[in-house]
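Chemist: Structural data only, the sequence is not supplied:
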């Protein structure tokens, strides 16, 4: 079956450019998460959606980061005026709403962003 | 506040030897605990999880972990390492009714022939 997909897999941006990263969660998964994984580190929480509602965005590092999920399925993470410190792998994960596996997150392959 | 500490950023074992990856957590409420594995250029894959019930949890690929509340630990073990086990392993904690998952910094496992 289809898992979580992310695009693009790799993105090189010049400092100051805007980027948009896409996440297609598993069909029917209510919850969607974005994480930032710096080199050699574990994933750090960025933001969380339940359906189309963004319930927590406390992990977004600055107001240059913006995420949306307008129809409760596909999500986009946008970074404006990219900086070198934004270079990282951005992971998306989705989770079912209920049931025994409701605490298990299913991760996409990530988008590796390099800001030059 | 919740946190996860993984002891040892790198662990090296010989093929066939015991694998032990250490994880300690702090949580003010009963935790849900996870181990994920990440292969190069791939996302995280769940190895095993503890939510409630039996404290010894078995996962995929022969891995298991034991939740020890008194020690606030959730160490990952495998009796016999295989070359294909070489990867990055992440311990993570969440909690009942919550949605945030806090990850440790990861432990890279090397398996020597």
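Modeler: The structure has been received and is ready for your questions. Every value quoted in this text rests on a predicted model; they were computed, and no experiment measured them.

Chemist: alpha carbons only for contacts and neighbour counts from here, please
Modeler: Noted.

Chemist: which intervals of the chain have sub-threshold pLDDT?
Modeler: Since no chain was named, I'll use chain A. A:1, A:98-102 (pLDDT under 70).

Chemist: Correction: the question concerned chain B.
Modeler: For chain B (pLDDT under 70), the answer is B:96-98.

Chemist: Flag every residue of it that's near chain A.
Modeler: B:41-46, B:90, B:99-106 (CA under 8 Å from any CA of the partner chain).

Chemist: Could you pull up the residues touching the residue nearest to the spatial centre of chain A?
Modeler: Nearest to the geometric centre of chain A sits residue A:34, at 3.1 Å (CA atoms, centre = their mean). Counting by CA atoms under 8 Å, 6 or more residues apart in numbering or on different chains, residue A:34 touches A:45-48, A:77, A:90-93.

Chemist: for the residue nearest the centre of chain B, helix, strand, or coil?
Modeler: Centroid-nearest residue in chain B: residue B:35, 3.5 Å away (criterion: CA atoms, centre = their mean). Here residue B:35 is strand, with the state taken from DSSP: H, G, I helix; E, B strand; the rest coil.

Chemist: quick one: contacts for it?
Modeler: Contacts of residue B:35 (CA under 8 Å, 6+ apart): B:46-49, B:76, B:89-92.

Chemist: What subset of the residues you listed is buried?
Modeler: B:46-49, B:76, B:89-92 (16 or more other CA atoms under 10 Å in any protein chain shown).

Chemist: Narrow the residues you listed to those in strands?
Modeler: Using DSSP state E, the members of the buried ones among the contacts of residue B:35 that fall in strands are B:46-49, B:76, B:89-92.

Chemist: could those residues go into JSON lines alongside distance to residue B:30?
Modeler: Below are those laid out as JSON lines (distance: CA to CA, whole Å):
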{"residue": "B:46", "distance to residue B:30": "20"}
{"residue": "B:47", "distance to residue B:30": "20"}
{"residue": "B:48", "distance to residue B:30": "17"}
{"residue": "B:49", "distance to residue B:30": "14"}
{"residue": "B:76", "distance to residue B:30": "19"}
{"residue": "B:89", "distance to residue B:30": "23"}
{"residue": "B:90", "distance to residue B:30": "20"}
{"residue": "B:91", "distance to residue B:30": "16"}
{"residue": "B:92", "distance to residue B:30": "13"}
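
Chemist: got the phi/psi numbers for residue A:86?
Modeler: phi -80, psi -10 (degrees, to the nearest 10).

Chemist: My read is that it contacts residue A:116, right?
Modeler: No: between residue A:86 and residue A:116 there is no contact under CA atoms under 8 Å: 10.2 Å.

Chemist: Compare the two (neighbour count), which wins?
Modeler: residue A:86 (18 against 12; other CA atoms under 10 Å in any protein chain shown).

Chemist: From chain B, how far off is the more buried one?
Modeler: Separation of residue A:86 from chain B (CA to the nearest CA, to the nearest Å) stands at 18 Å.

Chemist: What is the burial count for the closest residue to that residue other than its chain neighbours?
Modeler: Excluding its sequence neighbours, the residue lying closest to residue A:86 (CA to CA, 6 or more residues apart in numbering or on different chains) is residue A:115, at 6.9 Å. Residues within reach of residue A:115, counting by other CA under 10 Å, total 18.

Chemist: thinking again about what came up before, now the buried members of the contacts of residue A:34.
Modeler: Neighbour counting by 16+ other CA under 10 Å classes A:45-48, A:77, A:90-93 among these as buried.
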